[in-house]
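Novice: Structure for this input, please:
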Amino acid sequence: MIIAAGLFWSAVALELLVYLITRRWESLRTALAYIALATGLLAAGALVIVRLDTFSMLLLLFSLYRGVNMLRVTKQRMHEPYLNSAARRSGIILIGLQGLVFVAWAAWLEWHVAGHTVWGTFGIVQAIVAGLLLLSTIRTIKRTAWPTVQGTYSDHDLPSVTVAIPARNETEDLRQCLVSVIASDYPKLEVIVLDDCSQIRQTPEIIRQFAQDGVRFIQGKEPQTNWLPKNQAYARLAEEASGAYIVFCGVDVRFSSGSIRSLVATMLDRKKQMISILPLRRRSVPDKPSLIQAMRYWWELALPRRMLNRPPVLSSCWIVHSTSLEEAGGFASVKRAIVPEAHFAKCFVKADTYSFLRSNERLGIESGKLDRDQKETAVRMRYPQLHRRPEQVAITTLLELALFVLPFVLAISSFWISIGSVAQAAAIVACLLLIAVYKIVVLNTRVNAGWFGLVAPPFAILTDIVLLHYSMWKYEFSNVEWKGRNICIPVMHAEERSILRKQ
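Specialist: Sure, this is the predicted structure:
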């Protein structure tokens, strides 16, 4: 035990030394990083072998994330100032978390708390969190219901609107999207589509086929290295748009004839500068259970995001006042942001001029992505959503496992393993509440059938955890391809020559 502890703190000292060495001493820094990585994992593994319990497993888990952080240093894919700052911050936080585990471990050994008391307390916390989550979900579902427009707006009163669609390597989805847009009954409508340097000929050809219907073709440019390609496309579309309001949407979105009129009337009625819409799942999409998309919606609808100053937002379809968009900094202020809409939502929600609303049959905005596309979207978004920080991945993973997966494990295992009647009852209550949260989300978004929600929650959470770690690994050590482009360069502040050298 003493040897393992000595190795552990030696690894900490080596890691701190790595943060002090600049790239001028690249070979030395790399060598020390590998030694720190190996020593840290050896120490944590030895502690697990000597005393296998929750605390030693937590130490091993945090050591794995510290190992990821050390690998970032050895790979040197990012610009040096950013790499040094990011690695140092992550390393210090992870070391601090391990220090807290050591303190808790010592207190546990000193106080000798009964196992049933611990499990009972933990089960009660799980049930309380699940109950609060259910209340938050119900409240969000009510707040995001599509409202009834109170005012009456004639064609003359309605402002001009531009529907702006970025497209790259698109075929049939783009065609169907444009068909639904031009079928709109909105009187002052402009439709522009940007071909973002597609690698296939069909995309610009499809756009030009709709020229007679008033669709305007815009030729995109190759993205600058400090711009995320989609954000640069958004910026160009915003420059070309002449409407007082701009509707940004993906090619997987479908509109009914009255969707845009209803959108604008709601904007005017509620005096909003921006509305983000959660589309219904298209009925034409194969009716297969979708763990990935369900969790995407779960994160937006279940958490009390407004209390966290992170209002819910989706990039599928959103409408914004063009002048307000410029006043909020435009897309130049979010060049690298994987979800630029989130920045504008935070700006507008402070003045209560932003809303997140769910589509319904009356609004008629739908979308649908195949499983492959949902996976690619999750990989593209999950790690940047946690600010590209391994320590946040570690904390999020532990919270998801402890609060959303462990209740199911305890509820099932309690019939064979004695954890106490309080813990068993609390775990069962937590499971029922979590199932209710999941069912409310999937039924109100038409993502899954109701029966699937009875068994899906723990598997959906585990799927989210796996995709989160896969996203982290791809961004840190590989490539994240989106529409045929590697987006690691702008998102991760990566050096292009470094990326190319390691391909």
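Novice: Excluding residues flanking it in the chain, which one is nearest R362?
Specialist: W146 (6.7 Å; Cβ to Cβ, 6 or more residues apart in numbering). For the C-beta atoms, the positions are set from N, CA and C on the backbone; glycine is no exception.
Novice: The one you found looks like it's in a helix, true?
Specialist: No. W146 is assigned coil when assessed by DSSP: H, G, I helix; E, B strand; the rest coil, not a helix.
Novice: so R139 sits in a strand?
Specialist: No. Residue state for R139 (three-state DSSP) corresponds to helix; a strand is not indicated.
Novice: In contact with it, which residues?
Specialist: P304 (Cβ atoms under 8 Å, 6 or more residues apart in numbering).
Novice: follow-up on the earlier one: and the pLDDT at the residue nearest to R362?
Specialist: W146 carries a pLDDT score of 93 in this model.
Novice: Dump the C-alpha coordinates for stretch 157-175 into PDB.
Specialist: The C-alpha coordinates for stretch 157-175 follow below in PDB (Å, rounded to 0.1, in the frame of the first residue of the first chain):
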ATOM      1  CA  ASP A 157     -48.300  42.800 -41.800                       C
ATOM      2  CA  LEU A 158     -46.000  39.800 -42.100                       C
ATOM      3  CA  PRO A 159     -42.200  40.600 -42.400                       C
ATOM      4  CA  SER A 160     -40.000  39.100 -45.100                       C
ATOM      5  CA  VAL A 161     -38.400  35.800 -44.300                       C
ATOM      6  CA  THR A 162     -35.300  34.000 -45.800                       C
ATOM      7  CA  VAL A 163     -35.000  30.200 -45.500                       C
ATOM      8  CA  ALA A 164     -31.300  29.500 -45.500                       C
ATOM      9  CA  ILE A 165     -30.000  26.000 -46.200                       C
ATOM     10  CA  PRO A 166     -26.300  24.900 -46.100                       C
ATOM     11  CA  ALA A 167     -25.800  21.800 -48.300                       C
ATOM     12  CA  ARG A 168     -22.700  19.700 -48.900                       C
ATOM     13  CA  ASN A 169     -22.800  16.300 -50.700                       C
ATOM     14  CA  GLU A 170     -26.600  16.100 -50.500                       C
ATOM     15  CA  THR A 171     -29.000  14.400 -52.800                       C
ATOM     16  CA  GLU A 172     -32.500  13.200 -52.200                       C
ATOM     17  CA  ASP A 173     -32.800  14.800 -48.700                       C
ATOM     18  CA  LEU A 174     -32.000  18.200 -50.200                       C
ATOM     19  CA  ARG A 175     -34.600  17.700 -52.900                       C
END
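Novice: returning to what we had before: wait, the residue nearest to R362 touches L363, no?
Specialist: Yes. Assessed by Cβ atoms under 8 Å, W146 is found in contact with L363 at 5.2 Å.
Novice: and the residue nearest to R362, how many neighbours?
Specialist: W146 has 18 neighbouring residues, counting by other Cβ atoms under 10 Å.
Novice: ok, it to V491 distance?
Specialist: 33 Å (Cβ to Cβ, to the nearest Å).
Novice: Next, the residue nearest to R362: phi, psi?
Specialist: Backbone torsions for W146, taken as degrees, to the nearest 10, come to phi -70, psi 130.
Novice: That one: what's it in contact with?
Specialist: Contact analysis of W146 by Cβ under 8 Å, 6+ apart lists T266, L357, R358, S359, N360, R362, L363.
Novice: give me that answer again for 6 Å
Specialist: Applying Cβ atoms under 6 Å, 6 or more residues apart in numbering, we find W146 in contact with L357, N360, L363.
Novice: Among those residues, name the ones in strands.
Specialist: Among the contacts of W146, the ones falling in strands (DSSP state E) are L357.
Novice: Just give me the closest of the contacts of W146 to L109.
Specialist: The nearest member of the contacts of W146 to L109, counting by Cβ to Cβ, is L357 at 52.5 Å.
Novice: beta partners of that closest one?
Specialist: L357 has the following beta-bridge partners by DSSP bridges: I277.
Novice: circling back to that earlier point, which of the contacts of W146 count as buried?
Specialist: L357, L363 (16 or more other Cβ atoms under 10 Å).
Novice: just the contacts of W146 now: which is nearest K439?
Specialist: Nearest member of the contacts of W146 to K439, counting by Cβ to Cβ, is N360, at 18.0 Å.
Novice: For the stretch 301-450 of the chain, just list every one of the helices.
Specialist: Assigned by DSSP state H, counting those that start in this stretch, the stretch 301-450 of the chain shows helices spanning 322-327, 340-349, 371-385, 390-400, 406-413, 421-445.
Novice: got it, and the stretch 101-250 of the chain?
Specialist: 115-143, 172-182, 202-209, 229-240.
Novice: what's the most buried one of the ones you listed?
Specialist: Each of those was scored by mean neighbour count; the highest is helix 229-240, a mean of 20, by mean count of other Cβ atoms under 10 Å.
Novice: Average pLDDT for that helix, rounded please.
Specialist: The model assigns helix 229-240 a mean pLDDT of 95.
Novice: what's the answer for stretch 464-472, then?
Specialist: Average pLDDT, stretch 464-472: 96.
Novice: Give me the pLDDT for M1.
Specialist: 65.
Novice: now swap in Y297 and tell me
Specialist: pLDDT, Y297: 91.
Novice: quick one: what helix or strand has it in it?
Specialist: Counting by DSSP states H and E, the element that carries Y297 is helix 291-301.
Novice: rewinding a little: out of the helices of the stretch 101-250 of the chain, flag the one nearest I395.
Specialist: From those, taking Cβ to Cβ, the stretch that ends up closest is helix 115-143, at 15.0 Å.
Novice: All set, thanks.
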